[in-house]
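*Asks:* All I have is the shape, not the residue letters:
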């Protein structure tokens, strides 16, 4: 069976369960924490997949990695409450019972995708040649939000001097490239076609 299909099924069931409990927003934050923990610590994936590590230890690792009690950006009592902890703990127990703990990271990513789609949240990455100051960021984000027609954004900003000037904006799978590097590339291709 397709390995990508199983985590998506678990994520869909988890999302429905979290919605029933009113913990979907808090669980989104927890699943984001879990996904970042796996991305930041490759050894976590090895520990969870290791058959010699006891399931109770794997559960403790995953509980810590998701950290349902932590208050992050925009966290409030509703997103850090007992319902969130209960849903997350039930999810981990289900994975343990079904011998599926190694797919926890994939389920976390799939859950976040489902939540973002259901709540019209777009991941936006802006890369500029030089750091943007706050007024520039705000102006650019207003333009992007107008393009999204009421959708919410989760924005990340980075710099890449190779762009020479300008910026690129990635919105999920869509890219706007307003960089000098791209303009030079387009000009080069145009000149090559004419030669």
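*Replies:* Good, I have the coordinates. Computed from a predicted structure; not experimentally measured.
*Asks:* Any regions of the chain where pLDDT drops low?
*Replies:* 1-3, 70-80 (pLDDT under 70).
*Asks:* please redo it, this time with the cut-off set to 90
*Replies:* 1-4, 67-82, 146-151, 165-166, 172-174, 176, 178-180, 182-195 (pLDDT under 90).
*Asks:* So what's the residue count around the nearest residue to residue 120 once chain neighbours are set aside?
*Replies:* Counting by CB to CB, 6 or more residues apart in numbering, residue 120 lies nearest to residue 151, which is 4.2 Å off, once chain neighbours are set aside. Any C-beta I mention is one placed from the backbone N, CA and C, and that applies to glycine too. Close neighbours of residue 151, defined as other CB atoms under 10 Å, add up to 15.
*Asks:* Do I have it right that residue 151 meets residue 121?
*Replies:* Yes - when contacts are counted by CB atoms under 8 Å, residue 151 is listed as touching residue 121 (7.0 Å).
*Asks:* Just the strands from the chain, written as ranges.
*Replies:* 121-128, 152-159, 166-171, 174-179 (DSSP state E).
*Asks:* Minimum distance to residue 65: which of those strands has it?
*Replies:* For residue 65, the closest of the strands of the chain is strand 152-159, at 20.1 Å, according to CB to CB.
*Asks:* Mind listing the strands the closest one pairs with, and their directions?
*Replies:* Here strand 152-159 is paired, per DSSP bridges, with strand 121-128 (parallel).
*Asks:* Show me what counts as buried in the partner strand.
*Replies:* For strand 121-128, the neighbour count (16 or more other CB atoms under 10 Å) marks 121, 122, 124, 126, 127, 128 as buried.
*Asks:* how distant is that strand from the center of its chain?
*Replies:* 12 Å (CA atoms, centre = their mean, to the nearest Å).
*Asks:* measure residue 178 to residue 115 for me?
*Replies:* 30 Å (CB to CB, to the nearest Å).
*Asks:* And for residue 94?
*Replies:* From residue 94 over to residue 115 (counting by CB to CB), the distance is 18 Å.
*Asks:* between the two, which one's more packed in?
*Replies:* residue 115 (22 against 14).
*Asks:* Do I have it right that that one meets residue 121?
*Replies:* Yes - contact criterion CB under 8 Å: residue 115 and residue 121 qualify, at 7.3 Å.
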